[in-house]
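K.L.:
predicted model and sequence below, questions to follow.
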Amino acid sequence: MNKENKKKELLKLVYILSNNETIYLIDISNLNSNQVSILRKNFHKHSIKMRIVKNTLLKKAINKTKNQKFDSFFSILNGNTTLLFSNFNVANIASKIIKDFHIQEQTDKPYLKVAYAQESFYFGGNKDLNVLIHLKSKEDIIIEIFNTLQFSIKDVISSFMDSTKYKICGLLEALSSKK
């Protein structure tokens, strides 16, 4: 790779790190091309992009970002590194795809090195992968809150309607008995 291409690649990586909500670094070494293709296709279905990166270039990109939050990536930047990224909050979707792939292919690859999702870091292995699978997006939490409130509001309205119905019936009976 010549200097011009390295500069372009570096700028792309800086842009990726600066402008995406969800970032995973995984190790896909020892996977064959068919397996990598399956992974890439599954990620693409959910607007997750996959890119194999050089560790030294990624270190330079981290240094160039204005945000120092990715400094914790340095400790895991060795060996094969593949970058997953998305503008959307898809933290649990990416981890589900990886976990499903583990089951289908009966392999422990891709291995999660680190993930940055919902402004938090998750470091390596199946333990954090399982945490990410159960991670709820802000939208999911808001929907749960609305559903909970909806049931509460229905109960309040229904009890109000029931009590109002009995009050009206009682009032009508009182009026009819006065005649």
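P.N.:
Yes, it's here.

K.L.:
from residue 174, how far off is the residue nearest the centre of the chain?
P.N.:
Most central residue of the chain, judged by C-alpha distance to the mean C-alpha position with C-alpha atoms, centre = their mean, is residue 91 at 1.5 Å. Using C-beta to C-beta, to the nearest Å, one gets 62 Å for the distance from residue 91 to residue 174. All C-beta spots, glycine's among them, are computed from the backbone N, C-alpha and C.

K.L.:
and if you look at residue 47?
P.N.:
Look at residue 47 and residue 174: by C-beta to C-beta, they are 65 Å apart.

K.L.:
now swap in residue 125 and tell me
P.N.:
Between residue 125 and residue 174 the distance is 72 Å, computed by C-beta to C-beta.

K.L.:
hey, C-alpha coordinates of the helix or strand residue 43 falls within in PDB?
P.N.:
Counting by DSSP states H and E, the element that carries residue 43 is helix 33-45. Output of helix 33-45 as PDB, limited to C-alpha atoms (Å, rounded to 0.1, in the frame of the first residue of the first chain):
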ATOM      1  CA  SER A  33     -13.800 -17.400   2.600                       C
ATOM      2  CA  ASN A  34     -17.300 -19.000   2.600                       C
ATOM      3  CA  GLN A  35     -17.700 -18.400   6.300                       C
ATOM      4  CA  VAL A  36     -16.500 -14.800   6.000                       C
ATOM      5  CA  SER A  37     -19.000 -14.300   3.200                       C
ATOM      6  CA  ILE A  38     -21.800 -15.600   5.300                       C
ATOM      7  CA  LEU A  39     -20.900 -13.300   8.200                       C
ATOM      8  CA  ARG A  40     -20.600 -10.300   5.900                       C
ATOM      9  CA  LYS A  41     -24.000 -11.000   4.300                       C
ATOM     10  CA  ASN A  42     -25.600 -11.400   7.700                       C
ATOM     11  CA  PHE A  43     -24.100  -8.200   9.000                       C
ATOM     12  CA  HIS A  44     -25.100  -6.400   5.800                       C
ATOM     13  CA  LYS A  45     -28.800  -7.300   6.300                       C
END
